[in-house]
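Visitor: Whatever this is, show me its structure:
(one chain, ligands or ions: 2)
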Amino acid sequence: MPPAKPKAAPKTNESKLARLGLRTDMDLVLHLPMRYEDETIIVPIREACLRGGHVSQVEGVVIKNDIAFKPRRQLLVTIADDSGELLLRFMNFYGSQVKQLAEGTRVRARAELKHGFFGAEMVHPTYKVVNEGAPLPRELTPVYPAGEGLSQSMLRRAIADAMKRIDWQDTLPPALLSSMQLSNFEPAVRLLHYPPQEIDAGALLDRSHPAWVRMKFDELLAQQLSLKRAQRARRVKGAPVLKAIGALSDAFLAQLPFRLTGAQQRVLAEIRADLTNGYPMQRLLQGDVGSGKTVVSALAAAQAIDSGYQAALMAPTEILADQHFRKIAAWMEPLGVKVAWLTGSLKKKDKIAATAMVESGEAQLVIGTHALIQDTVQFAKLGLVIVDEQHRFGVGQRLTLRNKGSNGKTPHQLMMSATPIPRTLAMTYYADLEVSVIDELPPGRSPIVTRAIDQNRRDEVIERVHAAALEGRQVYWVCPLIEESEALQLQTATDTHAMLADALPGLQVGLVHGRLKPADKQEVMHAFTAGEVQVLVATTVIEVGVDVPNASLMVIEHAERFGLSQLHQLRGRVGRGSAASVCLLLYQSPLGQIAKQRLMTMRETTDGFEIARRDLEIRGPGEFLGARQSGQAMLRFADLETDQWLVEQARDVAHSLIHDAVDDVVEAHLARWLGGREEFLKV
Ligand code: ADP
Ligand code: MG
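Guide: Ligands and ions are numbered 1, 2, ... in the order given. I've put the predicted structure just below:
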């Protein structure tokens, strides 16, 4: 089968259609209805009136045609059939319509029946003038997703025309279709555009009908094929071969104050194996907050250094980068590793010195923020790139760091995220990515108890803060997120700080927020880490990665304003030591439905994957990942929740098509379903 060559849609209305992404005939044909109207039957007027409140289609002859002026100008047309009379009311109308609906004209009208002051009526019905005995359509009438300036009739015509022109050849071989019990392409598409009147309407609406299943499968298959091809493209790029284990790795492991968990060992083995390949690793390391990703990434860095290469670790905030630097330098420097520190807030002189160390290769490990991806930073021999909290970075930023390899070698890339992505989502949306999961917390952690408390019981909460501090524990107090105004958010944090300092005499209360100078921020964080500050008032800047095991109480104000994953991240700042930890979610009533669901989820589980699953349920995948990463336009028909089984099948089929090199099928299928949109998946 040769790949179908996309033909351009006809010139008329082209730009309006293009705005809906409908550029080729095939695009039009695959623009499937969202619902249908039943114009296949006519109901006697009397019966329609009795049923009331439903959309019905009636047919009658105009017996009266008036323009009324009260309460405003409107056209009133009365039609009659053998069973009764009905008023059609038009608030906006053209002069031509008055003539068109002259007495004696036969019309078919369709709308919801209302009972008005003068009896039954239809307001602004869709109608058409017909001859007596004009045949009724035998199929349901499609209603398409439409855009501005595009009428249904225009879309219907464009799609019907396109259906005459396209090449209907099935992209998938018959043997595959029958083994998977899938419908053929052409009948499935035709049925979805023009379903017969007697069809199972429920199966059409919830998209469980076999015709829908075929569409969803095709769409998912195209996506999987495209992912697999991107993967192949990556494999032909060269990457440094980092031999599995060396002196540094051994020494590092030997001096760690703890043993790696089983899960850490497993993911480390996966990463180690990848690094020995001659093509670049692209792996996402997922693990719930506190699961111990940092040490795994440090061991990956050790492998690069053991092989004579540099490693770079980039974190989204200075606080987090600083914390990594302290921790990892404390592990590595005693073993003779040269660690450089590079952030935007460095003094110019220090920045130049750090950059020079990176360029000469003296620095074996570089830790920092976005400053790492500046043009001025050049690596002597970059072998491994580690990106922490990867979802905080744009795709472009991650790519820039990856492009800092030398000698035509692409460095390996390890991305880390505590925002767990459900398996289906990872499989379908994350282009060309291997995923490792740490699904076990280090031993000795005690579970976090979560409670939701009404705002007006703040005094009790402050009392608990006091009690915890007296026991030598530390407390985070997170100020409300105020999306509309950063100034207001700042003000609230300052006020809260003053209020707590006042209410808790004898305790050290610190304040950290986004507007603090990096040096001041660091000072507060260090004081908190050292235990000199007992209560830390913070805006959401502490959201990512902060690690203070002695903190065991987390208070989140206006918890109803936060999203689920954000709440989970925040809560993950406690429960890192052996003390029993508590998270108090202060809320302001009354709570909306979604907020209620979120707080309930937080109380019910601390499992990040379960929380992510519910988040997906509440919000849907687009918002979950942000449009930028989701490649939203890619999945129009399949639903990741209900169609998980199809995702798995599509992946298997994609695997065997690529593996068996059935290139013509692959090409034809991608051309049909992705057209020019494949680049979406390249990142
Ligand atoms: P995250 O995965 O959220 O980035 P971290 O890497 O910050 O978690 O680890 C959380 C804490 O757990 C750190 O203090 C770290 O030193 C500690 N830790 C990591 N692995 C283990 C382990 N196997 N046993 C005990 N403590 C560990
Ligand atoms: Mg971390």
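Visitor: Give me the three-state assignment for the residue lying closest to residue 639 once chain neighbours are set aside.
Guide: Distances taken as Cβ to Cβ, 6 or more residues apart in numbering put residue 207 closest to residue 639, at 7.5 Å, once the chain neighbours are dropped. Quick note: C-beta positions are derived from backbone N, CA and C, even for glycine. Each residue gets one of three states, and residue 207 gets coil by DSSP: H, G, I helix; E, B strand; the rest coil.
Visitor: how much space between residue 207 and residue 319?
Guide: Residue 207 is 46 Å from residue 319, where distance means Cβ to Cβ, to the nearest Å.
Visitor: the more surrounded of these two?
Guide: Using other Cβ atoms under 10 Å as the criterion, residue 207 and residue 319 rank with residue 319 on top: 24 against 18.
Visitor: list the buried ones in the helix or strand harbouring that one?
Guide: With secondary structure defined by DSSP states H and E, residue 319 is part of helix 318-332. For helix 318-332, burial by neighbour count (16 or more other Cβ atoms under 10 Å) applies to 318, 319, 320, 321, 322, 323, 324, 325, 328, 329, 331, 332.
Visitor: per-residue confidence at the residue nearest to residue 639?
Guide: On pLDDT, residue 207 comes in at 91.
Visitor: just to revisit the earlier point, now render the buried residues of helix 318-332 as TSV, adding distance to residue 203.
Guide: Shown next, in TSV, are these (distance: Cβ to Cβ, whole Å):
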residue	distance to residue 203
318	55
319	53
320	50
321	53
322	57
323	54
324	53
325	58
328	56
329	61
331	59
332	60
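Visitor: Stretch 305-321 near ligand 1 at all?
Guide: No. Judged by Cβ under 6 Å from any ligand atom, stretch 305-321 and ligand 1 are separated, with a smallest distance of 9.2 Å.
Visitor: Using CSV, write down the CA coordinates of that stretch.
Guide: In CSV, the C-alpha atoms belonging to stretch 305-321 read as follows (Å, rounded to 0.1, in the frame of the first residue of the first chain):
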residue,chain,number,x,y,z
ILE,A,305,32.7,10.4,36.5
ASP,A,306,34.2,7.0,36.8
SER,A,307,34.3,6.8,33.1
GLY,A,308,36.1,10.2,32.8
TYR,A,309,33.0,12.2,31.8
GLN,A,310,31.3,15.2,33.5
ALA,A,311,27.8,15.1,34.9
ALA,A,312,25.4,18.0,35.3
LEU,A,313,22.5,18.3,37.7
MET,A,314,19.9,21.0,37.0
ALA,A,315,17.1,21.9,39.5
PRO,A,316,14.3,24.4,39.1
THR,A,317,14.9,26.6,42.1
GLU,A,318,18.0,27.9,44.0
ILE,A,319,16.8,26.4,47.2
LEU,A,320,16.6,22.9,45.7
ALA,A,321,19.8,23.2,43.8
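Visitor: from the chain's centre, how far out does it sit?
Guide: 27 Å (Cα atoms, centre = their mean, to the nearest Å).
Visitor: which residues touch whatever residue of the stretch 451-600 of the chain ends up closest to ligand 1?
Guide: The stretch 451-600 of the chain approaches ligand 1 most closely through residue 547 (4.3 Å), counting by Cβ to the nearest ligand atom. Residues near residue 547 by Cβ atoms under 8 Å, 6 or more residues apart in numbering: 290, 323, 327, 576.
Visitor: Can you give the contact residues for stretch 363-380?
Guide: With Cβ under 8 Å, 6+ apart as the test, stretch 363-380 has contacts from 301, 305, 310-318, 321, 324-325, 328-329, 332, 337-344, 346, 351, 354-355, 357-361, 397, 400-401, 404-406.
Visitor: what does the stretch 351-500 of the chain have sitting close to ligand 1?
Guide: For the stretch 351-500 of the chain, the residues in contact with ligand 1 (Cβ under 6 Å from any ligand atom) are 418, 442.
Visitor: The helix or strand harbouring residue 615: which residues count as buried?
Guide: Applying DSSP H and E as the criterion places residue 615 in helix 608-619. Applying a neighbour-count criterion of 16+ other Cβ under 10 Å, one finds 608, 609, 611, 612, 613, 614, 615, 616, 618 buried in helix 608-619.
Visitor: The closest residue to ligand 1 within the stretch 1-150 of the chain and residue 165, how far apart?
Guide: Closest contact between the stretch 1-150 of the chain and ligand 1, by Cβ to the nearest ligand atom, is at residue 21 (39.3 Å). To residue 165, residue 21 is 18 Å away according to Cβ to Cβ.
Visitor: With residue 112 instead?
Guide: Applying Cβ to Cβ to residue 112 and residue 165 gives a distance of 37 Å.
Visitor: Next up, the contacts around the closest residue to residue 559 other than its chain neighbours.
Guide: Once flanking residues are discounted, residue 559 sits nearest to residue 585: 3.7 Å by Cβ to Cβ, 6+ apart. Contact partners of residue 585, counting by Cβ under 8 Å, 6+ apart, are 450, 451, 452, 453, 556, 559, 567, 599, 602.
Visitor: Could you report the neighbour count for whichever residue of the stretch 401-550 of the chain sits closest to ligand 1?
Guide: Taking Cβ to the nearest ligand atom, ligand 1 has its nearest neighbour within the stretch 401-550 of the chain at residue 442, 3.3 Å off. Using other Cβ under 10 Å, residue 442 is surrounded by 17 other residues.
Visitor: Now do the same contact list for it.
Guide: Counting by Cβ under 8 Å, 6+ apart, residue 442 touches 258, 261, 290, 291, 292.
Visitor: Which ones, among these, also lie beside ligand 1?
Guide: 258, 261, 290, 291, 292.
Visitor: Please list the members of those that lie in helices.
Guide: Among the ones next to ligand 1 among the contacts of residue 442, DSSP state H puts none in helices.
Visitor: Make sure residue 47 is actually in contact with residue 86.
Guide: No. Look at residue 47 against residue 86 with Cβ atoms under 8 Å: they stay out of range, at 11.3 Å.
Visitor: Please pull out the lowest mean pLDDT helix or strand from the chain.
Guide: Between all helices and strands in the chain, the lowest mean by mean pLDDT, DSSP states H and E belongs to helix 627-630, at a mean of 36.
Visitor: quick one: buried residues of the helix or strand that that helix is followed by?
Guide: Proceeding N to C from helix 627-630, the next assigned helix or strand is helix 644-659, under DSSP H and E. In terms of neighbour count (16+ other Cβ under 10 Å), helix 644-659 has its buried residues at 644, 646, 647, 649, 650, 651, 653, 654, 657, 658.
Visitor: Dump the strand or helix carrying residue 499 to CSV, keeping only the CA atoms.
Guide: Secondary structure assigned from DSSP H and E places residue 499 in helix 486-503. The C-alpha trace of helix 486-503 is given here as CSV (Å, rounded to 0.1, in the frame of the first residue of the first chain):
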residue,chain,number,x,y,z
GLU,A,486,1.7,38.1,43.7
ALA,A,487,1.8,41.3,45.9
LEU,A,488,-1.2,40.0,47.8
GLN,A,489,0.4,36.6,48.3
LEU,A,490,3.5,38.3,49.6
GLN,A,491,1.4,40.5,52.0
THR,A,492,-0.4,37.5,53.3
ALA,A,493,2.8,35.7,54.0
THR,A,494,4.3,38.6,55.8
ASP,A,495,1.1,39.0,57.9
THR,A,496,1.0,35.3,58.8
HIS,A,497,4.6,35.5,59.8
ALA,A,498,3.9,38.4,62.1
MET,A,499,0.8,36.8,63.5
LEU,A,500,2.7,33.5,64.3
ALA,A,501,5.7,35.3,65.7
ASP,A,502,3.4,37.1,68.0
ALA,A,503,1.4,34.1,69.0
